[in-house]
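Participant: Give me the fold of what follows.
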Amino acid sequence: MSVRVPSPSVSKPAPSLSSPRVLHSLGDENKSVLSLMADARHIFAGGQCQDISVWDKQSYTLKTSLRGHTGSILTLELAEEKQWLFSASGMDQFHSFVSYFKPFAGDSTVRIWSTATFAPIYVLHPYLETGAGDLFSLAWNPVLQTVYFGCQNTSIQWFDFCTGGQAQQQITPGSSTPTRKVHKFFDSYPQYTHKPADLRANNLSSSPPPEAVICCKNEFAIPACNVLDSAHVGYVYCMTMMPSQRAGSDDHTLQSGASYQLLTGSGDETVKIWTCTTSGPVLTHTFECNHGAVLSLVVRGDTIFAGCQDGYVKVFDLETKTLVRTIIVQENVDILSLSMMHSDLYTCSSNGRIQRWSPSFNCTASWKAHEGIVLSSIITQSTQANGFVLVSGANDGFVKVWDIEMPSKEPFAQVQESAVSEVGDDDTMTYALSTFVSIPSVSSDPLHLEDCRQAAIWLKKCLHQLGAESALLPTYERGSPLVLATFHGTQRKDPKPRILFYGHYDVISAPRDGWDSDPFTVVGRNGYLYGRGVTDNKGPILAVACAAAELLRKRSLGVDLVFIIEGEEETGSAGFMDAVRKHKHQIGDVDAILLSNSTWITEYPPCITYGLRGVVHATVEISSGAPDQHSGIEGGAAAEPMLDMIRLLASLTNEQRKVTIPGFYDAVRPQTEEEKQLYELLSRVTQTADSVLSSRWREPSLTVHNVSVSGPGNATIIPGKVATKLSLRIVPDQDLETLSQALVTHLKSSFMALQSPNKLFVSIDHTADWWLGDLNDPWFKALESAVREEWGVEPLRIREGGSIPSVPCLEKEFRCRALHLPLGQSSDRAHLPNERISLSNLQHGKAVVERFLTKVADGYQPILKTP
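Facilitator: This next block holds a predicted model:
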């Protein structure tokens, strides 16, 4: 009996959808179609037999063939603005990991053709002394007017057309054309002839090379200064420019003064990033793929996709220099070509299949495209308005044109640089919020991991457009990055205050049940904006950012406002503080911390939060060490873990619902007379007993969240293992570590008293300290005054029973006070269906922040911090 081995891929399988329609199949006399390129009118196909076929896109007829190479056309490139086609060939057998074909011994040249007349324009010969071998890859830099090519001998070489060949060695008529070196294997004669190897041997040819070769008067040899030896420790199989210039790309155009980056992939299992300069490529970073040779590359924004040997696609983020994802297309099947249609990735494999992948790395289509090995692909504009087609080529002798669809919905993908700035100032905040919310950055769901990264990328670009210097900071492997952005205040003689604003771009999940509209589409109704994250925490982030932008516009921002926005707050902020400490030199010194991550206690008046409880999350497990048993057989004889768990949990509280952990209440800070008066005021406003408010905010508590059992959990089973999740909420001045240990000690001692043969296991899963602000601090007074002036009423001072782990950690790390300005109302339904925020609250909140930043800038007195 055969055993079904599950696929190792964690990507969703392709749904049962029909494959794209084949618009046309073009039979190519070259048999193996090794390379493809297309412009507005033509499809160019380079093959095994020296010629480049030119197909008309309108009629799908063979228009002409470009002849000049004497070897297989391994790669094609286009300089559309100059109407040039570049082609490169090999000198011997194609050295891939699988012998896909055996081409003729060739000329190892780069040739440039006119796409208007199809006449040859230039011939470039690699640097003679290096013995470049096969030329596997080409890339065109339109800014520097330079073509790069990757070679079999591991070098990268280039030719600069800006100089018109002045710096390169031109080959004049009648002079000796550079020839490649004799190879003792590929240029050898049969052994019985006893003849030495020479270039006429041509052992690899199954038929003689073309008799007539079109000559070109403009021939150049690459000089030694245009050669980067040992660029890789392997053949340079692929290269591309960043940002992408390809049809189908939605990358923004290169900004004035910026440089293109060259990406190269190699048999040494690496992708290298090179900054293109007038003197040549300069290496800036190396990504390790560790899954065989890199055979294909494509880019989108700051995301790099590397198609590797054995069926893996490595996805890297250039901003954070981290591996984002590994896509397993099909194990042991090489990925020979990649193409990008906006947010959709197309992978072409050696088994003849093409697959389409969504921005969340789910396979959305998979089909058998060719009977042979798919060796090349390209996205190009179709002859229909605004349409695109995928063109694929294989060793079955066919070029196929596929009718592909535009990505159906891609709210988060590539936000163009003008996306925020092209709307008016009054609409910027709500327009940006609608885009921000459309990104389903659910940190608790692994399927939304890429959405979280895209949210970070979008936010970084948004803050940059609003006037900040912005960057992404890595956290841990596969962790969501931090967004670091700094709004620099106007220069002045006196020191400026530096304020750190903390927030999070991740959201809680949003099942569709219970929502009156799509959770990830902002909908306005009756003065409220509805959508997941509008109040927690995307709306407040943008309100603060737009406040800084408004002050910048008025040339009145007198502080440096530093944003540090994380992407895993809803799941415990894993790696957040480690990343903050690692990149503290980039964040800089901080005088105060501001956050806006909660709601008011009522609908009105406005509030300022000055306290949060801490939390200790724990797991308690009791196990018999035996399998589940039948209660009708073992009931009464077995020591049941469930009964032990009930008695153990009962030992944690008494009849008055007080926690019985020894010393639990000893360190609780007594209530002051001022606090008592405050709770009486809040009781009148909220119509809630002051004792209830005190219990929620300033008294510690214990909660049992759930109890789970092994086995099916039906009424006849004695579970062999029982587990429970519980938590402690702690307050000033309780010590986090002391109470964590006290909980464990109490559980263990209580369990020992049961004298049970079962085993107890206790783990502390997560902790967060309490936080309490200083009501007399000048920063708090400035914030309170700003709220009072904006709303025209005295704000309420409130505390909360929940926890925000990062707040006390940031206070300790930067040795300064934190301030908490809630913008939402008590009815905002954070974490619940129909989450909302008042549009008025957003607008007033933005104005409050403007007032606060102005106040602290005017009255700032630098404080010397002691170590």
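Participant: where does the protein have its least confident helix or strand?
Facilitator: strand 169-171 (a mean of 65; mean pLDDT, DSSP states H and E).
Participant: Report the secondary structure state of residue 440.
Facilitator: Using DSSP: H, G, I helix; E, B strand; the rest coil, the structure places residue 440 in coil.
Participant: I figured it was touching residue 448, is that so?
Facilitator: Yes. Residue 440 lies in contact with residue 448 (CB atoms under 8 Å); the separation is 5.6 Å. For every residue, glycine as well, the C-beta is placed using N, CA and C.
Participant: quick one: strands adjacent to the helix or strand following the least confident helix or strand of the chain?
Facilitator: Next helix or strand after strand 169-171 toward the C-terminus (DSSP states H and E): strand 219-221. Neighbouring strands of strand 219-221 in its sheet, by DSSP bridges, are strand 120-125 (parallel), strand 169-171 (antiparallel).
Participant: Pull the contacting residues for the residue most central in space within the chain.
Facilitator: The centre of the chain sits closest to residue 453, judged by CA atoms, centre = their mean, with a distance of 3.5 Å. Contacts for residue 453 (CB atoms under 8 Å, 6 or more residues apart in numbering) come out as 317, 324, 480-481, 567.
Participant: Following the chain onward from whichever strand or helix holds it, which element is next?
Facilitator: Here residue 453 is covered by helix 449-465, with elements defined by DSSP H and E. Reading on from helix 449-465 to the C-terminus, the next helix or strand found by DSSP H and E is strand 469-473.
Participant: packing partners for that next one?
Facilitator: With contacts taken as 3 or more CB pairs under 8 Å, 6 or more residues apart in numbering; DSSP states H and E, strand 469-473 sits against helix 449-465, strand 482-487.
Participant: nearest to residue 219, of these?
Facilitator: With CB to CB as the criterion, residue 219 lies closest to helix 449-465 of these, at 45.0 Å.
Participant: buried sites along that closest one?
Facilitator: Buried residues in helix 449-465, counting neighbours by 16 or more other CB atoms under 10 Å, are found at 449-463, 465.
Participant: again, but for stretch 745-756
Facilitator: Buried residues in stretch 745-756, counting neighbours by 16+ other CB under 10 Å, are found at 746-747, 750-751, 754, 756.
Participant: secondary structure class for residue 756?
Facilitator: Assigned with three-state DSSP, residue 756 falls in the coil class.
Participant: give me the low-pLDDT residue ranges for this structure?
Facilitator: The model of the chain has pLDDT under 70 over residues 1-18, 28-30, 91-106, 128-130, 164-216, 385, 408-426, 860-867.
Participant: about what we covered before: let me have the contacts of residue 453 in CSV, adding neighbour count, distance to residue 118 and secondary structure as columns.
Facilitator: Formatted as CSV, those follow (neighbours: other CB atoms under 10 Å; distance: CB to CB, whole Å; DSSP: H, G, I helix; E, B strand; the rest coil):
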residue, neighbour count, distance to residue 118, secondary structure
317, 21, 41, strand
324, 19, 42, strand
480, 31, 50, coil
481, 27, 48, coil
567, 29, 52, coil
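Participant: Looking at these, which is nearest residue 49?
Facilitator: Nearest to residue 49 among the contacts of residue 453, with distances taken as CB to CB, is residue 324, at 40.3 Å.
Participant: What is the neighbour count of residue 736?
Facilitator: A count of nearby residues for residue 736, using other CB atoms under 10 Å, gives 17.
Participant: I meant residue 802, not that one.
Facilitator: 14.
Participant: Same question for residue 470.
Facilitator: Residue 470 has 21 nearby residues by other CB under 10 Å.
Participant: what's across from the closest residue to it other than its chain neighbours in the sheet?
Facilitator: Spatial nearest neighbour of residue 470, chain neighbours left out: residue 485 (3.9 Å); criterion: CB to CB, 6 or more residues apart in numbering. Residues in a beta bridge with residue 485, per DSSP bridges, are residue 470, residue 563.
Participant: Please determine how far residue 485 is located from residue 475.
Facilitator: 16 Å (CB to CB, to the nearest Å).
Participant: can you confirm residue 632 is in a helix?
Facilitator: Yes. According to three-state DSSP, residue 632 belongs to a helix.
Participant: tell me the contacts of it?
Facilitator: By CB under 8 Å, 6+ apart, the contact set of residue 632 is residue 716.
Participant: repeat for residue 345
Facilitator: With contacts defined as CB under 8 Å, 6+ apart, residue 345 is in contact with 298, 305, 313, 338-339, 356-357.
Participant: For it, grab phi and psi.
Facilitator: phi -100, psi 130 (degrees, to the nearest 10).
Participant: how near is it to residue 591?
Facilitator: 45 Å.
Participant: Give me the buried positions along the strand or helix carrying residue 725.
Facilitator: Secondary structure from DSSP H and E places residue 725 in strand 721-730. Residues 721-724, 726-730 are the ones in strand 721-730 that count as buried (16+ other CB under 10 Å).
Participant: from the chain's centre, how far out does that strand sit?
Facilitator: Centre-to-centre, strand 721-730 and its host chain are 34 Å apart (CA atoms, centre = their mean, to the nearest Å).
Participant: So which of the contacts of residue 345 are in helices?
Facilitator: Among those, no member falls in helices (DSSP state H).
Participant: which ones among those are found in strands?
Facilitator: If you go by DSSP state E, the contacts of residue 345 have 298, 305, 313, 338-339, 356-357 in strands.
Participant: residues near residue 843, how many?
Facilitator: 16.
Participant: Give the helix, strand or coil label for it.
Facilitator: Following three-state DSSP, we place residue 843 in the helix state.
Participant: Can you tell me how far it is from residue 788?
Facilitator: Counting by CB to CB, the gap from residue 843 to residue 788 is 17 Å.
Participant: Nearest to residue 520 among the contacts of residue 453?
Facilitator: Of all the contacts of residue 453, residue 520 sits closest to residue 567, with 16.1 Å by CB to CB.
Participant: I'd say the closest one and residue 474 touch.
Facilitator: No. Using CB under 8 Å, residue 567 is not in contact with residue 474; the gap is 11.3 Å.
Participant: okay, and the common contacts of these two?
Facilitator: With CB under 8 Å, 6+ apart, residue 567 and residue 474 have common neighbours 481-482.
Participant: now the ones in strands among the contacts of residue 345 as TSV including distance to residue 657 and neighbour count?
Facilitator: TSV is the format used below for the ones in strands among the contacts of residue 345 (distance: CB to CB, whole Å; neighbours: other CB atoms under 10 Å):
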residue	distance to residue 657	neighbour count
298	61	26
305	57	25
313	56	24
338	62	22
339	64	28
356	58	24
357	54	25
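Participant: Distance to residue 519 for those - can I get that in CSV?
Facilitator: Output for these, formatted as CSV (distance: CB to CB, whole Å):
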residue, distance to residue 519
298, 32
305, 29
313, 30
338, 33
339, 32
356, 26
357, 24
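Participant: So what does residue 352 have for phi and psi?
Facilitator: Residue torsions, per degrees, to the nearest 10, at residue 352 are phi 90, psi 0.
Participant: Please work out how many residues are found near residue 145.
Facilitator: 16.
Participant: try the one 3 residues further on
Facilitator: For residue 148, the number of neighbouring residues by other CB under 10 Å comes to 27.
Participant: from what I can see it touches residue 126, true?
Facilitator: No. In this structure, residue 148 is not within contact of residue 126 by CB under 8 Å, at 11.9 Å.
Participant: okay, and the common contacts of the two?
Facilitator: Listed as contacting both residue 148 and residue 126 by CB under 8 Å, 6+ apart are residue 157.
Participant: Pull up the gap between residue 773 and residue 837, please.
Facilitator: According to CB to CB, residue 773 stands 23 Å off from residue 837.
Participant: can you check residue 348 too?
Facilitator: As judged by CB to CB, residue 348 and residue 837 stand 46 Å apart.
Participant: Residue 635 now?
Facilitator: In terms of CB to CB, residue 635 sits 54 Å off from residue 837.
Participant: And residue 662, its phi and psi?
Facilitator: phi -60, psi 130.
Participant: Tell me how far it lies from residue 614.
Facilitator: 19 Å.
Participant: For those two, indicate the residue with more neighbours.
Facilitator: Comparing residue 662 with residue 614 by other CB under 10 Å, the one with more neighbours is residue 614, at 23 against 10.
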